[in-house]
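Enquirer: Have a look; sequence and predicted model below, questions after that.
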Amino acid sequence: MTDDWNDDAIEYVQAIADTKLVLSHRYSEWMLSGPALEDDIAGASAAQDEIGHVRQLFEKLSDNGRDLEWLQGDRDPEEFSNAACLDDAPDTWTEFVTAADVTERAAWYLIDSIAHEDFDGLGQRIGQDEYFHLEHLDARLSQQAEENPAAVEAAFAEAAPGALALLGPETLDADADTLVQSGFTDRPVADIREGFKQHYESLFEGTDVDLSAVDWDAPDEASWNETRRRIGNGHVDPAVVDALGGVKNAEYARA
């Protein structure tokens, strides 16, 4: 480790790590329920990769003052900073693929923008995994867009604001983004958001999916919680927190 991170950087990486942690759980819920064996295998592999990413990010956070036991689940649901669109379990395959795609892409864009030397090599290793995850998710999302565009429209309009809140408000341009000013990241949130939007406009081009209902302006800066990178006081289901923290395993061990 070199220079200590400032508080903004710690919260930024915390939100990425928590999003990946909850995403790994969502992958595990669907890895035996996909429409094809290929999807189940990809889901199991992605869940394992995400946990690996989380462990590395938690190690970096621990090096910069965060308590490791607290990070690993010894905290209340309100203390998790995951993307809001992962709070609730998706009911359908389309909803899962959509939520997984937008949150994993948002988290990767945030990692890819980190310029701090603590991420030299680590960002590249994570990116190698993310390439395959996002290729698979985009392919499945494109397939769903062809087969059931109305369901994709609804799922995307529901999930996208949570992913955009993870990225941050559109007002964080080069002059307003404190992480760019400190040198921790090399591009402002406003630029990341634009790339995010352009990706999905391109992905759905030529399909019947209409993205006009998506609130691309979310989140409102005045209501945005910068620490948890979301709007409001919502949180992931406490049962998910128990699962992530191994509460059931600990109870079994004590029995």
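Expert: Looks like it arrived, so ask away. Numbers count the residues shown, from 1 in each chain.

Enquirer: and whichever strand or helix holds residue 145, what other elements does it pack with?
Expert: Per DSSP states H and E, residue 145 falls inside helix 122-147. Here helix 122-147 touches helix 37-63, helix 93-112, helix 149-167, helix 189-203, going by 3 or more Cβ pairs under 8 Å, 6 or more residues apart in numbering; DSSP states H and E. In this view, the C-beta of every residue, glycine as well, is placed from N, C-alpha and C.

Enquirer: Let's see that with 6 Å instead.
Expert: helix 37-63, helix 93-112 (3 or more Cβ pairs under 6 Å, 6 or more residues apart in numbering; DSSP states H and E).

Enquirer: Buried ones in the first one, by neighbour count?
Expert: Read it as helix 37-63. Applying a neighbour-count criterion of 16 or more other Cβ atoms under 10 Å, one finds 39, 42-47, 49-51, 53-54, 56-58, 60-61 buried in helix 37-63.

Enquirer: Would you mind giving the orientation angle of that helix with respect to helix 122-147?
Expert: On the basis of axes from the mean of the first three to the mean of the last three Cα atoms, to 10 degrees, helix 37-63 is oriented at 150 degrees to helix 122-147.

Enquirer: Contacts for the following helix or strand past helix 37-63, please.
Expert: Downstream of helix 37-63, the next assigned helix or strand under DSSP H and E is helix 68-71. With contact meaning Cβ atoms under 6 Å, 6 or more residues apart in numbering, helix 68-71 is reached by 58, 62.

Enquirer: buried set for helix 68-71?
Expert: residue 71.

Enquirer: if you skip the residues just before and after it, what's nearest to residue 66?
Expert: Leaving aside its sequence neighbours, residue 66 sits nearest to residue 10 (Cβ to Cβ, 6 or more residues apart in numbering; 6.7 Å).

Enquirer: Now that neighbour: which helix or strand?
Expert: helix 7-30.

Enquirer: which secondary structure elements does that helix contact?
Expert: Taking 3+ Cβ pairs under 6 Å, 6+ apart as contact, the helices and strands that helix 7-30 lies on are helix 37-63, helix 93-112.

Enquirer: now the first one against helix 7-30, angle please.
Expert: So the one you mean is helix 37-63. 150 degrees.

Enquirer: How far does helix 37-63 sit from its chain's centre?
Expert: 12 Å (Cα atoms, centre = their mean, to the nearest Å).

Enquirer: per-residue confidence averaged over it?
Expert: What helix 37-63 shows for mean pLDDT is 89.

Enquirer: Which secondary structure elements does it sit against?
Expert: Counting contacts by 3+ Cβ pairs under 6 Å, 6+ apart, helix 37-63 is packed against helix 7-30, helix 122-147.

Enquirer: make it 10 Å
Expert: Here helix 37-63 touches helix 7-30, helix 68-71, helix 93-112, helix 122-147, going by 3 or more Cβ pairs under 10 Å, 6 or more residues apart in numbering; DSSP states H and E.

Enquirer: Which positions in the first one come out as buried?
Expert: Which is helix 7-30. So, applying 16+ other Cβ under 10 Å, buried residues of helix 7-30: 8-28, 30.

Enquirer: show me where pLDDT drops low in the protein?
Expert: When residues are selected by pLDDT under 70, those of the chain lie in 1-3, 31-37, 246-255.

Enquirer: switch the cut-off to 90
Expert: Residue ranges of the chain with pLDDT under 90: 1-4, 28-45, 72-74, 242-255.

Enquirer: Tell me the spacing between the nearest residue to residue 226 once chain neighbours are set aside and residue 118.
Expert: Nearest non-adjacent residue to residue 226, counting by Cβ to Cβ, 6+ apart: residue 11, 7.0 Å away. Between residue 11 and residue 118 the distance is 16 Å, computed by Cβ to Cβ, to the nearest Å.

Enquirer: Put the alpha carbons of stretch 90-101 into PDB.
Expert: The C-alpha coordinates for stretch 90-101 follow below in PDB (Å, rounded to 0.1, in the frame of the first residue of the first chain):
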ATOM      1  CA  PRO A  90     -35.800 -10.800  -8.900                       C
ATOM      2  CA  ASP A  91     -38.900 -12.800  -9.600                       C
ATOM      3  CA  THR A  92     -38.100 -13.700 -13.300                       C
ATOM      4  CA  TRP A  93     -35.100 -14.600 -15.400                       C
ATOM      5  CA  THR A  94     -35.500 -11.300 -17.400                       C
ATOM      6  CA  GLU A  95     -35.500  -9.300 -14.200                       C
ATOM      7  CA  PHE A  96     -32.400 -11.100 -12.900                       C
ATOM      8  CA  VAL A  97     -30.400 -10.700 -16.200                       C
ATOM      9  CA  THR A  98     -31.300  -7.000 -16.400                       C
ATOM     10  CA  ALA A  99     -30.500  -6.200 -12.700                       C
ATOM     11  CA  ALA A 100     -27.200  -8.200 -12.900                       C
ATOM     12  CA  ASP A 101     -26.200  -6.600 -16.200                       C
END
